[in-house]
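K.L.:
sequence unavailable; structure follows:
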Ligand code: BDR
Ligand code: CA
């Protein structure tokens, strides 16, 4: 089997953590490195969480971690999402500290170097603000032809946003970076709220997982269960969901190796960078003859229950 050579770019919060753990466990993925970015939490905390998660997965000192941007490309920082992900970003669960250190090399440089080394085989999964990818593109405008594919968790094309009426958090947090990346010519799939809000992990899934998982996986399963309680509480308050939450970032990693679980449509896409209510909106030109934006694959439908099964089976 040809394993997918992947870099995950994360603002390591609760669903990022599950996405990383899935990526580390999947037999279809070679994790080439993890880069971190501000977003749910400050970038230093995202780096620390990432290192702790590698230790939890028994992969400490095996996967390089490179720290990236601490603030948006051009605008000023607009606070963090501790109300969504907890004070420490992972639902206030205390994981043991890792002895692994982050790389000296910043995230943008790491991405550029791995794209060169892997000669067109690198797949990037971006699960936070697109600032690191934007910095990499500014440093190396030839990057789009060296990256096999970029999967972006972000945007809300034909559904409401989750930070403003029209904007999703990862795009809203750095619209200029998102637009630069989308217009770059890189081969892109957008995994937006159109599909992630349908992909719900329920407490009943976690209860089954706890029963079925091998003893070696139980520390991971227990962490997932504990951290998800915070996420479930947030989605109960904001969306009136009962004991469940959408799997934004895990679905995005999954699609990179199981593309058949979503239906995509090519759309010309751009990001609104101005406006009081519309900054961060992903605007798709769905006219018969689109002329605004660049073509990307937009996920429009998902086999949600199958996606959850595939996500969880690596932890059994
Ligand atoms: C995105 O925002 C973050 O809170 C999640 O980790 C996900 O990447 C969903 O809008
Ligand atoms: Ca995220």
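P.N.:
Thanks, I have the structure now. The structure displayed is predicted, hence computed values, not measured ones. Numbering: from 1, shown residues only. Ligands and ions are numbered 1, 2, ... in the order given.
K.L.:
quick one: the helices in the stretch 151-300 of the chain, in order.
P.N.:
169-172, 175-182, 193-196, 203-212, 218-239, 248-257 (DSSP state H, counting those that start in this stretch).
K.L.:
Three-state assignment for residue 31, please.
P.N.:
Classification of residue 31 using DSSP: H, G, I helix; E, B strand; the rest coil returns strand.
K.L.:
that one reaches residue 23, doesn't it?
P.N.:
Yes - taking Cβ atoms under 8 Å as the definition, residue 31 is a contact partner of residue 23 at 5.5 Å. To be clear about C-beta, it is placed using only N, CA and C from the backbone, and glycine gets the same treatment.
K.L.:
find residues that contact each of these two.
P.N.:
Taking Cβ atoms under 8 Å, 6 or more residues apart in numbering as the contact rule, residue 31 and residue 23 both touch 6, 8.
K.L.:
can you list the low-confidence ranges for the stretch 201-316 of the chain?
P.N.:
Applying pLDDT under 70 to the stretch 201-316 of the chain flags no residue at all.
K.L.:
these two touch, right, residue 166 and residue 284?
P.N.:
No - between residue 166 and residue 284 there is no contact under Cβ under 8 Å: 11.8 Å.
K.L.:
tell me who's in contact with the closest residue to ligand 2 within the stretch 51-200 of the chain.
P.N.:
Nearest to ligand 2, among the residues of the stretch 51-200 of the chain, is residue 127, at 4.1 Å (Cβ to the ion). Contact analysis of residue 127 by Cβ under 8 Å, 6+ apart lists 8-11, 15-16, 19, 153, 170, 248-249, 252-253.
K.L.:
repeat for residue 303
P.N.:
261, 262.
K.L.:
cutoff 6 Å now
P.N.:
residue 261 (Cβ atoms under 6 Å, 6 or more residues apart in numbering).
K.L.:
near ligand 1, which residues of the stretch 201-316 of the chain show up?
P.N.:
Contacts of the stretch 201-316 of the chain with ligand 1, taken as Cβ under 6 Å from any ligand atom, map to 248, 249.
K.L.:
in the stretch 201-316 of the chain, what residue is nearest ligand 2?
P.N.:
Closest contact between the stretch 201-316 of the chain and ligand 2, by Cβ to the ion, is at residue 249 (4.8 Å).
K.L.:
how near is the residue nearest to the spatial centre of the chain to ligand 1?
P.N.:
The C-alpha lying nearest the average C-alpha coordinate of the chain belongs to residue 127 (Cα atoms, centre = their mean; 1.9 Å). Applying Cβ to the nearest ligand atom, to the nearest Å, the value for residue 127 to ligand 1 is 5 Å.
K.L.:
how far away is that residue from residue 19?
P.N.:
Distance from residue 127 to residue 19, counting by Cβ to Cβ, to the nearest Å: 6 Å.
K.L.:
and for the two, which residues touch both?
P.N.:
Shared contacts of residue 127 and residue 19 (Cβ under 6 Å, 6+ apart): residue 249.
K.L.:
before we move on, back to that, more neighbours, residue 31 and residue 23?
P.N.:
Taking neighbours as other Cβ atoms under 10 Å, residue 31 and residue 23 compare with residue 23 leading, 28 against 23.
K.L.:
wait, doesn't the more buried one sit right on residue 29?
P.N.:
Yes - between residue 23 and residue 29 there is a contact under Cβ atoms under 6 Å: 5.2 Å.
K.L.:
okay, the residue of the stretch 51-200 of the chain closest to ligand 2: pLDDT?
P.N.:
The pLDDT attached to residue 127 in the predicted structure is 98.
K.L.:
leaving out sequence neighbours, find the closest residue to it.
P.N.:
residue 249 (4.0 Å; Cβ to Cβ, 6 or more residues apart in numbering).
K.L.:
neighbours of the one you found, how many?
P.N.:
The tally of other residues near residue 249 (other Cβ under 10 Å) stands at 30.
K.L.:
that one: what's it in contact with?
P.N.:
15, 16, 19, 127, 153.
K.L.:
change it to 8 Å
P.N.:
Counting by Cβ under 8 Å, 6+ apart, residue 249 touches 10, 15, 16, 18, 19, 127, 153.
K.L.:
again with residue 57
P.N.:
Counting by Cβ under 8 Å, 6+ apart, residue 57 touches 20, 21, 24, 25, 220.
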